[in-house]
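[1] sequence? don't have it. structure:
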């Protein structure tokens with residue numbers, strides 16, 4: 001039996017680790033991996049870069065070994081004892097170091113081959129009544145035939161709200177920052193578009209590595225910031241009802257769907273049982289500006305928020321199943337009524353990065369302009385706000401987040417663009433890819449449901465909702481390998 005994994009960042013590495021931990025790699029199979037990058041398992045997020053770029057998850061949630069959820073924590077304690085492996089948000093490069101160290105021995109097994117080649121096309125054929133997959137690399141060389149195909153084709157490109165891509169001194173994707181921002185010097189006027197996690201990365205890097213003469217500007221439409229990651233909850237086990245058994249029973253009871261109101265009601269009961277006062281927490285911690293965020297979090301403990309974050313961590317483990325149990329109308333209502341506030345408390349900022357940004361603002365080394373309207377380029381960039389203010393910048397750096405619109409896929413992901421164009425893959429409402437759930441099997445206009453072809457990764461965020469973290473990807477990879485790979 002032959003298996004192909006196309007793309008070998010964290011998602012691809014999680015698949016290989018699951019094949020190993022499940023024992024299926026030790027059977028009579030051949031696994032071929034295709035990825036042109038030199039560094040395995042790290043992708044763009046965890047590759048070689050500056051150490052001021054931090055994880056936004058605790059080490060206890062970052063293991064790529066599905067059989068040992070604390071593996072990264074234990075590795076961190078051995079290799080970097082200066083960090084607290086339970087509560088510190090460590091540099092992303094350290095996690096990349098762990099991931100490479102863990103995956104390289106598996107890559108060296110006799111029945112695993114890593115081709116540093118880019119795959120440009122995939123073909124489905126019938127051999128002896130079985131469906132198999134043939135691949136073509138960028139040199140025109142064929143590979144195959146494969147009984148199983150895993151596609152893990154990276155992350156979406158960044159959004160380009162102001163049509164700046166291609167302009168000189170506009171940096172569309174700032175990673176790796178040590179390469180993309182290397183030319184910035186002391187005299188450079190820097191503007192950052194967006195206020196999410198990437199903006200904090202950029203400010204953290206520039207303030208520590210570049211002695212800028214002029215204040216940095218963060219330009220955004222929404223001037224609010226996510227909640228901060230506080231020390232993890234250490235109390236008694238939390239009451240949590242919405243596990244897989246509950247989901248299965250509720251789906252059966254409600255003819256295949258679960259009403260959003262029902263989920264909200266049960267979550268409310270859980271919060272009450274756990275003595276979590278959501279109204280009080282929201283009054284104190286709901287979205288605000290940088291000054292308000294800093295004053296709310298620093299110099300005090302946050303036991304109630306820690307407990308809420310602990311409950312959200314439990315909820316996040318079933319988020320994909322819960323989301324896919326909603327009707328389409330309830331999915332739309334979730335996005336309109338709940339998604340923004342849930343994201344505020346689920347996606348958390350590193351306290352050190354927030355503190356650094358606040359200190360820079362108080363020292364007039366940083367300003368935040370919350371009502372950006374347009375950006376024009378002549379010799380330099382001119383940024384205009386709705387309030388009539390204008391700002392000049394030499395370099396504009398994009399931090400506006402991923403663009404999941406499949407119509408915008410282009411040269412940065414040619415295989416994905418090709419497979420969508422030919423109908424091998426289908427999009428889901430122009431917001432990511434369409435797959436079966438929970439199997440993550442590809443649904444094709446040409447071939448129907450492909451039971452032996454799987455997709456995993458951020459492009460499934462409209463199906464595998466909330467999958468933009470290592471734990472969710474590792475759990476899904478392990479589920480696919482254990483349940484749907486028949487060896």
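    Yep, it's here. Just so it is clear, the model here is predicted, and its values are computed rather than measured.

[2] Flag the shaky bits of the stretch 201-350 of the chain, pLDDT-wise.
    Residues of the stretch 201-350 of the chain meeting the criterion pLDDT under 70: 223.

[3] and with 80 instead?
    222-226, 347-348 (pLDDT under 80).

[4] Show me which residues of stretch 18-32 are buried.
    18-22, 24-25, 29, 31-32 (16 or more other C-beta atoms under 10 Å). Quick note: C-beta positions are derived from backbone N, CA and C, even for glycine.

[5] Same question for stretch 406-422.
    Applying a neighbour-count criterion of 16+ other C-beta under 10 Å, one finds 406, 409, 413-420 buried in stretch 406-422.

[6] For residue 55, state which of those residues is nearest.
    residue 413 (24.7 Å; C-beta to C-beta).

[7] these two touch, right, the closest one and residue 154?
    Yes. Applying C-beta atoms under 8 Å, one finds residue 413 in contact with residue 154, separated by 6.2 Å.

[8] Spell out, range by range, the strands that occur in the stretch 1-150 of the chain.
    Using DSSP state E, counting those that start in this stretch, the strands assigned to the stretch 1-150 of the chain run over residues 2-6, 30-34, 112-115, 119-127, 130-137, 142-146, 148-151.

[9] and those, which is most packed in?
    Of all those, strand 148-151 has the most neighbours on average by mean count of other C-beta atoms under 10 Å, namely a mean of 26.

[10] Which strands border it, and is each parallel or antiparallel?
    strand 2-6 (parallel), strand 448-455 (parallel) (DSSP bridges).

[11] next one: it to chain centre, how far?
    On the basis of C-alpha atoms, centre = their mean, to the nearest Å, strand 148-151 sits 20 Å off its chain's mean C-alpha point.

[12] likewise stretch 369-388?
    Worked out by C-alpha atoms, centre = their mean, stretch 369-388 lies 29 Å from the chain centre.

[13] residue ranges with poor pLDDT in the stretch 351-487 of the chain?
    Using pLDDT under 80, the stretch 351-487 of the chain drops low at 410, 467-468.

[14] Which parts of it are helices?
    Assigned by DSSP state H, counting those that start in this stretch, the stretch 351-487 of the chain shows helices spanning 351-362, 414-421, 470-484.

[15] could I get the ones you listed as a markdown table with distance to residue 454?
    As requested, the helices of the stretch 351-487 of the chain are exported to a markdown table (distance: least, C-beta to C-beta, whole Å):
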| stretch | distance to residue 454 |
| --- | --- |
| helix 351-362 | 35 |
| helix 414-421 | 14 |
| helix 470-484 | 5 |
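
[16] what's the neighbour count on residue 401?
    If you count neighbours by other C-beta atoms under 10 Å, residue 401 ends up with 16.

[17] re earlier: using CSV, lay out the strands of the stretch 1-150 of the chain together with distance to residue 77.
    Below are the strands of the stretch 1-150 of the chain laid out as CSV (distance: least, C-beta to C-beta, whole Å):
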stretch, distance to residue 77
strand 2-6, 30
strand 30-34, 30
strand 112-115, 29
strand 119-127, 38
strand 130-137, 41
strand 142-146, 39
strand 148-151, 32
